[in-house]
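Engineer: Structure for this input, please:
(one chain, ligands or ions: 2)
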Amino acid sequence: MPEQQTLTVALGERAYPIHIGAGLIERGDLLLPALKGRRAVVVTNVTVAPLYLERLRSTLEKGGFSVLPIVLPDGEEYKTWETLNQIFDGLLGGHCERSTPLIALGGGVIGDMGGFAAACYQRGMPFIQVPTTLLAQVDSSVGGKTAINHPLGKNMIGAFYQPRLVLADIATLDTLPARELSAGLAEVIKYGLIRDPELFAWLEANMQRLLARERDALAHAVLRSCANKAEVVADDEKEAGGRALLNLGHTFGHAIETGLGYGAWLHGEAVAAGTLIAAELSQRLGWLSKSDVERIERLFSYAGLPVRAPRLGAERYLELMRHDKKVEDGRLKLILMRGIGEGVIDDGVPADLIAAAIETRCT
Ligand code: NAD
Ligand code: GLY
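Structural biologist: Ligands and ions are numbered 1, 2, ... in the order given. Below is the predicted model:
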């Protein structure tokens, strides 16, 4: 039997385990204790279903569950009301009950939409995350943020809704396209930058092993990322304070994704370019040295990620950023750095300084 490592997201009576290892989709001993009843819904998409649905179905059926699959179109551009409604159509058409568990099998798009559907259907059904992208394993499957996009802003419609279990099977990363692997690395680098300088240094030394998909390196990156995320979420589940640090690069990144049209740049790519804008701004404020910014740029480049943002115009960026969830009383909260491993939240940066950093970092 393959080995796994387990972390806990410490949220009192809603605490849940994150299991990380190779071959976990087949591990009924890990999955089944989180489920009740005799039926389970699996929400997935047309790309992931042919790869992993039958394996998950077999694990569930061996445990005495019948399976209702709901297979959605693939892509960020489908993270919409219309697709969410397809999940509700499947749940209602299949006579699912409030106690029927919903399992999201896929990347962050499936996890975010499946989680939002689970939060809403009959006011809440049990929710399980089986993330199959690096990004989903290191970030989106943990912490309970669920959402869909709106044409005016990314992830603007959603709910906090924690899963009961996260099952991160790193063997599924074998089939992930290289560009998607790199996108996931952006979120791993993020933890290094905001709170884990040791992880940042480890990434500098081990990026090649990650890109070659060495299992032990991937397992370390997923474990360390989830450990960071679990701590942050346990301290501040609903982002009243410190959880906002997890959005390093995201305010600029969401502007890129919305501005270019959902799906043009991958989320992780937009976060990478956005993080370099945040680094530029931090340097202009005197908080990061030039050599730190160069170190950050080198690591993102090495991971195969863009370090220059698309030229939408600083005014357009600022307009798009006004729709961000981190706007409070009209003031934009930015995540910046006071060194590698020290993220800070600041809502007092003048717009002209932000605009100058954007212009410098656009191609
Ligand atoms: P994604 O879900 O679009 O998956 C990327 C691509 O990989 C898709 O084409 C998918 O079908 C495919 N895929 C998935 N698993 C595969 C596998 N094992 N083998 C081959 N192909 C596979 O993108 P993502 O990067 O996983 O997630 C991005 C989304 O996550 C964005 O919508 C972002 O807003 C969201 N997100 C949410 C949170 C959160 O806390 N909830 C955090 C970060 C990002
Ligand atoms: N990905 C940001 C968060 O979970 O808070």
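Engineer: can you pull out the helices in this structure?
Structural biologist: 28-31, 54-62, 81-93, 108-120, 134-135, 178-195, 197-211, 215-235, 250-260, 267-284, 290-302, 314-321, 351-361 (DSSP state H).
Engineer: Highest mean neighbour count across the ones you listed, which stretch is it?
Structural biologist: Burial of these is given as mean neighbour count (mean count of other Cβ atoms under 10 Å); helix 134-135 ranks first at a mean of 29. For glycine as for every other residue, the C-beta is placed from the backbone atoms N, C-alpha and C.
Engineer: That one and ligand 2 in contact?
Structural biologist: No. Against ligand 2, helix 134-135 shows no contacts by Cβ under 6 Å from any ligand atom, the least distance being 9.7 Å.
Engineer: Then stretch 320-328?
Structural biologist: No. Judged by Cβ under 6 Å from any ligand atom, stretch 320-328 and ligand 2 are separated, with a smallest distance of 9.9 Å.
Engineer: how long is that stretch from one end to the other?
Structural biologist: 15 Å (Cα to Cα, to the nearest Å).
Engineer: and it, what's its mean pLDDT?
Structural biologist: Mean pLDDT, stretch 320-328: 80.
Engineer: Which residues outside that stretch are in contact with it?
Structural biologist: 152-153, 155-156, 244, 247, 251-252, 254-255, 258-259, 312, 332-334, 347 (Cβ atoms under 8 Å, 6 or more residues apart in numbering).
Engineer: ok, L72 touching N45?
Structural biologist: Yes. Judged on Cβ atoms under 8 Å, L72 makes contact with N45 at a distance of 4.8 Å.
Engineer: shared neighbours of those two, anything?
Structural biologist: I110.
Engineer: looking at the helices of the chain, which is closest to ligand 1?
Structural biologist: helix 108-120 (2.1 Å; Cβ to the nearest ligand atom).
Engineer: Let me know the pLDDT of P2.
Structural biologist: pLDDT at P2 comes out at 50.
Engineer: same thing with the one 5 residues further on?
Structural biologist: At L7 the predicted local distance difference test score is 98.
Engineer: Report how many residues lie close to it.
Structural biologist: By other Cβ atoms under 10 Å, 20 other residues sit near L7.
Engineer: Now do the same contact list for the closest residue to ligand 2 within the stretch 51-200 of the chain.
Structural biologist: Closest contact between the stretch 51-200 of the chain and ligand 2, by Cβ to the nearest ligand atom, is at G143 (4.3 Å). Contacts here follow Cβ under 8 Å, 6+ apart; on that basis G143 touches 9, 162, 229, 232-233, 237, 243, 246.
Engineer: try 6 Å
Structural biologist: 229, 233 (Cβ atoms under 6 Å, 6 or more residues apart in numbering).
Engineer: quick one: it from K154, how far?
Structural biologist: Look at G143 and K154: by Cβ to Cβ, to the nearest Å, they are 17 Å apart.
Engineer: Show the pLDDT at K154.
Structural biologist: 88.
Engineer: so it sits right up against H254, yeah?
Structural biologist: Yes. Assessed by Cβ atoms under 6 Å, K154 is found in contact with H254 at 4.4 Å.
Engineer: thinking again about what came up before, separation between the residue of the stretch 51-200 of the chain closest to ligand 2 and Q86?
Structural biologist: According to Cβ to Cβ, G143 and Q86 sit 25 Å apart.
Engineer: same thing with P69?
Structural biologist: 12 Å.
Engineer: Name every strand pairing with the least confident helix or strand in the chain by mean pLDDT and say which way it goes.
Structural biologist: For the chain, counting by mean pLDDT, DSSP states H and E, strand 327-328 ranks last in confidence among helices and strands (a mean of 74). If you go by DSSP bridges, strand 327-328 pairs up with strand 331-332 (antiparallel).
Engineer: outside of the partner strand, which residues touch it?
Structural biologist: Taking Cβ under 6 Å, 6+ apart as the rule, strand 331-332 contacts D347.
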